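>>> quick one: sequence and predicted model below, then my questions.
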Amino acid sequence: MSGNSFGKLFQLTSFGESHGLGIGGVIDGCPSGIELDMEAIQKDLNRRKPGQSAIVTQRKEPDEVEFFSGIFDGITTGVPIGFAIFNTNQKSKDYDHIKDQYRPSHADKVYDDKYGFRDYRGGGRSSARETASRVVAGAIAKQFLSDVKFTAYVSAVGEIQMNKTYQEVDLDTIEQNPVRCPDPEKALEMEKYIKQIRKEGDTVGGIISCVIQNVPAGLGEPVFNKLHAELGKAMLSINAVKGFEYGSGFEGAKDRGSNHNDLYNNDGTTQTNQSGGIQGGISNGMDIYFNVAFKPVATIMQSQQTINNKGENVEMQGKGRHDPCVVPRAVPIVEAMAALVLADLTLLDRVVKK
Ligand SMILES: Cc1cc2nc3c(=O)[nH]c(=O)nc-3n(C[C@H](O)[C@H](O)[C@H](O)COP(=O)(O)O)c2cc1C
């Protein structure tokens, strides 16, 4: 398996499986001299961890990160930052039934087809447990870019959609409800719906919106490494993601140029921001905003028809501790991936300038 590293200069390599000893990573290229707030790193991990509320998987993992290198007296030294999160709450027996069978729409069959061997316990490497490493690296990237503000939040669960823009809500209220939606009425509706879905043994999808504020102009390499292309890859690399749009996105396709163009103010800012803070693949200093669509995850607590590794039809009954809706836990993952992209492009920008 290759492709376990993300970023060119600020680079995270992640390792580990859901039911192995632990998961972790190495961050290569993080500049020296960054005074780290270690609590802020753990806080982001706590926002992702299982068992944090009644609407997420009930697997109880403390998800405490341990650092092995690259930090001395709380300050980055410039050498690789190695870290791990040990797994403490595996129930591998819950996965015995998928040893020879494939969960429809999960990664079970494609892993078997590709590698001829699969660690089926907890989904192995295909488990979103891997994303805890991204959250650690992203929390460090956020501190490297301390002037930039990354805010992700849940804007839809199934058909329940928040109809307000990020400017119309108080982004500081996101952590006040377990859904992480800044519209309190919608948050309640979403919470109730997720509970109902869980009772039915089913799952539901959702959308995470993200806004990045105070981004300096000039980030992004404008041919293959366009800022929005890098963000798209980052978001689409998150488990269960099915869609990415930035700025006016798919709605913009219905518009006319005369309405869609962002007209300039004399100070170089724009009167509107359909561009989503990016033009020609380069940040223009306006807010960057985007949406990420997550599917209803594959493991449902209902019986389903599937096949086994001999191609025979079998009936599968879902088991184990799973997320009925992943978006509340995926909020810090989206922020982390956005921070990793901007940290990398910030370092690249320093390389290409005199
Ligand atoms: C935070 C988070 C939690 C997840 N929890 C589960 C889960 O409990 N059960 C499940 O089947 N999939 C879960 N997934 C999704 C799977 O990891 C993912 O669907 C699987 O790896 C197949 O990849 P794909 O959906 O991207 O094709 C989760 C994803 C995220 C982002």
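Okay, I see it.
>>> buried residues in the longest helix along the chain?
Taking DSSP state H as the criterion, the chain has its longest helix at helix 327-352. Within helix 327-352, the residues scored as buried using 16 or more other CB atoms under 10 Å are 327-349. Where C-beta positions appear, they are placed from N, C-alpha and C, glycine not excepted.
>>> near the ligand, from those?
Intersecting the buried residues of helix 327-352 with the contacts of the ligand gives 329, 330 (criterion: CB under 6 Å from any ligand atom).
>>> for residue 163, give its distance to residue 174.
Separation of residue 163 from residue 174 (CB to CB, to the nearest Å): 17 Å.
>>> neighbour count winner among those two?
Per other CB atoms under 10 Å, whichever of residue 163 and residue 174 has more neighbours is residue 174, with 19 against 9.
>>> who are the neighbours in contact with the nearest residue in space to residue 75 that is not next to it in sequence?
Nearest residue to residue 75, sequence neighbours excluded (CB to CB, 6 or more residues apart in numbering): residue 35, at 5.3 Å. With contact taken as CB atoms under 8 Å, 6 or more residues apart in numbering, residue 35 is in contact with 74, 75, 143.
>>> now do residue 203
Each residue near residue 203 by CB under 8 Å, 6+ apart is listed here: 197, 296, 297, 298, 299, 300, 322, 323, 324, 325.
>>> out of these, which is most surrounded?
When neighbours are taken as other CB under 10 Å, the top entry among these is residue 325 (28 neighbours).
>>> and that residue, helix, strand or coil?
coil (DSSP: H, G, I helix; E, B strand; the rest coil).
>>> that one reaches residue 192, doesn't it?
No: in this structure, residue 325 is not within contact of residue 192 by CB atoms under 8 Å, at 11.9 Å.
>>> all helices of the stretch 1-150 of the chain, in order?
Under the criterion DSSP state H, counting those that start in this stretch, the stretch 1-150 of the chain contains helices at 38-48, 108-115, 131-144.
>>> return the last one as CSV; C-alpha atoms alone will do.
Listed in CSV are the C-alpha atoms of helix 131-144, where the atom choice follows Å, rounded to 0.1, in the frame of the first residue of the first chain:
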residue,chain,number,x,y,z
THR,A,131,-8.3,10.2,10.7
ALA,A,132,-7.2,10.8,14.4
SER,A,133,-3.7,11.1,13.1
ARG,A,134,-4.8,13.8,10.7
VAL,A,135,-6.5,15.7,13.5
VAL,A,136,-3.2,15.7,15.5
ALA,A,137,-1.2,16.9,12.5
GLY,A,138,-3.9,19.4,11.6
ALA,A,139,-4.0,20.8,15.1
ILE,A,140,-0.2,21.5,14.8
ALA,A,141,-0.7,23.0,11.4
LYS,A,142,-3.4,25.3,12.8
GLN,A,143,-0.9,26.5,15.4
PHE,A,144,1.8,27.1,12.8
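>>> starting at the chain centroid, how far to stretch 176-190?
In terms of CA atoms, centre = their mean, to the nearest Å, the gap separating the centre of stretch 176-190 from the centre of its chain is 19 Å.
>>> one more: stretch 106-126?
Offset of stretch 106-126 from its chain centre (CA atoms, centre = their mean): 21 Å.
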